[in-house]
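> sharing a model prediction with you, sequence too.
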Amino acid sequence: MATRSCTVTVNGTSHTRDVESRLLLVHLLRDELGLTGTHIGCDTSHCGACTVLMDDKSVKSCTLLAVQAHGKSVQTIEGVASGGQMHPLQEGFHEEHGLQCGFCTPGMIMRALELLQDNPNPTEDEIRWGISGNLCRCTGYVNIVKSIRHAAEKMTAASATA
């Protein structure tokens, strides 16, 4: 199988690997870089468990080739916390009980990051629409929505005092 050199910046660190042309980004992250927080749920992009940010836009890494990330910046769930402090979204999921089994949580948080970047004060309907490409089989979404609202409020308050 043909290989190509692929350089991608993941969570602020540049990585260069020779990868098979058919290698999926999720496998580069998990198998080559050891970043197992990005989950593989369906391999068809329907569940969103594999969601990461690529150049600040959410993408489903199970249907994106690693070579498509060449020269780009990727953020995974491992890169969300900063300086040992949880991100407000992580805090929100903890405080508002937005997870049960936790399998979908990394993808939900990554999708919610983009949502809150684009709309810092979303309504419940906007949150539900914003995460509609990510499936949760456990919670019924009520606490996920509360978690994202919690984070939005905390982030808005922090930016008002800054």
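Great, that's in hand. Quick caveat, the model's predicted, so the values are computed rather than measured.
> how far off centre is stretch 60-74?
In terms of CA atoms, centre = their mean, to the nearest Å, the centre of stretch 60-74 is found 13 Å from the chain centre.
> correction: stretch 112-120
That offset, for stretch 112-120, works out to 12 Å (CA atoms, centre = their mean).
> cool, stretch 149-162 as well?
20 Å.
> quick one: contacts of it?
87-89, 91-92, 95-96, 112, 116, 120-122, 124, 127 (CB atoms under 8 Å, 6 or more residues apart in numbering). Backbone N, C-alpha and C define where each C-beta goes, glycine included.
> what secondary structure does residue 14 sit in?
What DSSP: H, G, I helix; E, B strand; the rest coil gives for residue 14 is strand.
> bridged to it, which residues?
Per DSSP bridges, the residues bridged to residue 14 are residue 9.
> what's around it, how many residues?
9 (other CB atoms under 10 Å).
> and the one 5 residues further on, by the same measure?
The burial count assigned to residue 19 is 24, neighbours taken as other CB under 10 Å.
> element containing it, please.
strand 13-20 (DSSP states H and E).
> now do that strand: distance to the chain's middle.
The answer for strand 13-20 is 20 Å, by CA atoms, centre = their mean.
> so for the protein, the centremost residue is which one?
residue 110 (2.4 Å; CA atoms, centre = their mean).
> pull the contacting residues for that one.
51, 52, 53, 58, 75, 76, 77, 80.
> rewinding a little: what about the strand holding residue 19, average pLDDT?
Averaging pLDDT along strand 13-20 yields 97.
> secondary structure class for residue 128?
Residue 128 ends up helix, using three-state DSSP.
> since we're on it, how many residues are nearby?
Residue 128, neighbours per other CB under 10 Å, totals 14.
> residue 18 now?
8.
> quick one, what contacts the closest residue to it other than its chain neighbours?
Take residue 18 and drop its neighbours on the chain: the residue closest to it by CB to CB, 6 or more residues apart in numbering is residue 3, 4.6 Å away. Going by CB under 8 Å, 6+ apart, residue 3 touches 18, 19, 20, 21.
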